[in-house]
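**Student:** Got a predicted structure here, sequence first:
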Amino acid sequence: MGKVYVIASGKGGTGKTMVAANLGATLAQQGNSVVIVDMDLGLRNLDLYFGLESHVVYDVYDVMTGVCHIKQALIKDRRFENLHIIGASPERDKGDLTPLHARVLCEKLRDQFDYMIIDAPSGIDDGLVVAAAGADAAIIVTTPEYAALRDADIVDRQLQKLGISERYIILNKVIAELMSAGYIPRLREISTLVRPELIGVIQNDENINISTNLGIPIVLKTGTYIQANFQHIVSRLQAAEAEADAAADADAEVEVGAATAAGAASDAEVGAE
């Protein structure tokens with residue numbers, strides 16, 4: 001069964017969709033099957049990050065409302081072995097989508113992909129509630145500005161209310177010189193302003209804007225520090241996944257052991273009778 005990450009942010013302009021696109025691309029470069037779903041209804045742009053805007057016929061709204069099958073909305077990026085996207089509707093949701101629609105979609109995608117990346121709308125409105133409904137974990141993208149960090153904390157609290165316990169922060173658009181000089185919050189201070197674990201820092205780089213306009217994920221340019229940033233983020237996520245799996249296995253062994261002991265005790269009581 002695949003894992004679902006929802007990518008959220010407190011406001012627009014943090015680079016949320018860029019992170020969703022390049023995180024998915026990095027996972028695909030490692031040989032994983034990946035689908036990235038644009039749930040930012042009315043503000044569709046994930047397709048632009050891959051240069052696939054002319055390929056969108058059916059979108060996620062069509063899938064969730066039964067207009068088409070999932071396979072009709074999946075768009076394959078042929079630069080990768082197994083990476084697909086599903087575009088968002090160009091029009092905003094009229095209110096007929098519910099969290100149940102998203103949960104059903106995610107359950108179906110789990111059977112087909114190792115990873116599902118959900119690009120949620122910014123903010124804490126109903127769009128986030130729907131987009132996060134089927135997620136196992138959340139990644140909040142923010143920037144090193146006090147206003148953005150406050151917004152990220154508000155989003156984090158909303159995700160916690162929605163029942164997502166596994167939450168992370170990615171700090172984007174970092175200018176190291178300004179951080180060293182103290183003109184923007186340093187990492188230690190940021191860790192006190194937002195509760196989730198900081199799993200990655202992405203430097204500010206004009207090449208990201210260029211790659212976006214060209215429809216080429218920046219991680220396709222090998223040997224760059226931006227690619228290394230995303231590889232580090234993926235490594236941190238996969239380490240957390242392995243740790244969670246090990247803990248779940250340990251809990252299962254304890255439960256089996258307790259059940260076995262209870263069964264043996266019951267058999268002993270019957271034998272004594």
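**Tutor:** In hand now; what should we look at?

**Student:** Quick one: list the elements packing against the helix or strand in which residue 18 is found.
**Tutor:** Residue 18 belongs to helix 16-29 when elements are defined using DSSP states H and E. Judged by 3 or more Cβ pairs under 8 Å, 6 or more residues apart in numbering; DSSP states H and E, helix 16-29 is in contact with strand 3-8, strand 34-38, helix 46-49, strand 83-86, strand 115-119, strand 137-142, strand 166-174, helix 225-272. Quick note: C-beta positions are derived from backbone N, CA and C, even for glycine.

**Student:** Tell me the helices and strands packed up against the third one.
**Tutor:** Contact partners of helix 46-49 among helices and strands, from 3+ Cβ pairs under 8 Å, 6+ apart: helix 16-29, strand 34-38.

**Student:** deepest of these, which one?
**Tutor:** Of all the helices and strands packed on helix 46-49, strand 34-38 has the most neighbours on average by mean count of other Cβ atoms under 10 Å, namely a mean of 29.

**Student:** Residues in contact with the helix or strand encompassing residue 150: which ones?
**Tutor:** In this assignment (DSSP H and E), residue 150 forms part of helix 146-161. With contact meaning Cβ atoms under 8 Å, 6 or more residues apart in numbering, helix 146-161 is reached by 6, 8-11, 14, 123-124, 128, 132, 138, 140, 142, 167, 169, 185, 190, 193-196.

**Student:** just the angle between that helix and strand 166-174, please?
**Tutor:** 160 degrees (axes from the mean of the first three to the mean of the last three Cα atoms, to 10 degrees).

**Student:** which parts of helix 146-161 are buried?
**Tutor:** For helix 146-161, the neighbour count (16 or more other Cβ atoms under 10 Å) marks 148-149, 151-153, 155-156, 158-159 as buried.

**Student:** picking that back up, format the helices and strands packed on helix 46-49 as a markdown table; extra columns: distance to residue 63.
**Tutor:** A markdown table is the format used below for the helices and strands packed on helix 46-49 (distance: least, Cβ to Cβ, whole Å):
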| stretch | distance to residue 63 |
| --- | --- |
| helix 16-29 | 18 |
| strand 34-38 | 9 |
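
**Student:** Could you point out which of these sits nearest residue 59?
**Tutor:** Smallest distance to residue 59 across these (Cβ to Cβ): 7.8 Å, for strand 34-38.

**Student:** CA atoms only for the closest one - export them in CSV, please.
**Tutor:** The C-alpha trace of strand 34-38 is given here as CSV (Å, rounded to 0.1, in the frame of the first residue of the first chain):
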residue,chain,number,x,y,z
VAL,A,34,4.6,8.2,-8.0
VAL,A,35,1.4,10.2,-8.7
ILE,A,36,1.2,13.9,-7.9
VAL,A,37,-2.4,15.2,-7.6
ASP,A,38,-3.3,18.9,-7.9
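
**Student:** For that strand, the averaged confidence score.
**Tutor:** Average pLDDT, strand 34-38: 97.

**Student:** Just list what that strand packs against, helices and strands only.
**Tutor:** Using 3+ Cβ pairs under 8 Å, 6+ apart, the elements in contact with strand 34-38 are helix 16-29, helix 46-49, strand 83-86, helix 99-110, strand 115-119.

**Student:** That strand pairs with which strands, parallel or anti?
**Tutor:** strand 83-86 (parallel), strand 115-119 (parallel) (DSSP bridges).

**Student:** Tabulate the CA atom coordinates of the helix or strand following the last one in CSV.
**Tutor:** Translated: strand 115-119. Counting by DSSP H and E, the next helix or strand C-terminal to strand 115-119 is helix 126-131. Coordinates of the C-alpha atoms in helix 126-131 are reproduced here as CSV (Å, rounded to 0.1, in the frame of the first residue of the first chain):
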residue,chain,number,x,y,z
ASP,A,126,-12.4,23.7,3.3
GLY,A,127,-10.0,23.0,0.4
LEU,A,128,-7.4,21.9,2.8
VAL,A,129,-9.9,19.8,4.8
VAL,A,130,-10.8,17.9,1.6
ALA,A,131,-7.2,17.6,0.2
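
**Student:** so how far is helix 126-131 off the chain centroid?
**Tutor:** Chain-centre distance of helix 126-131: 14 Å, with Cα atoms, centre = their mean, to the nearest Å.

**Student:** about what we covered before: could I get the helices and strands packed on helix 16-29 in a markdown table, plus columns for distance to residue 95?
**Tutor:** Shown next, in a markdown table, are these (distance: least, Cβ to Cβ, whole Å):
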| stretch | distance to residue 95 |
| --- | --- |
| strand 3-8 | 20 |
| strand 34-38 | 19 |
| helix 46-49 | 22 |
| strand 83-86 | 21 |
| strand 115-119 | 19 |
| strand 137-142 | 23 |
| strand 166-174 | 27 |
| helix 225-272 | 33 |
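
**Student:** Please consider this matter closed, and thank you.
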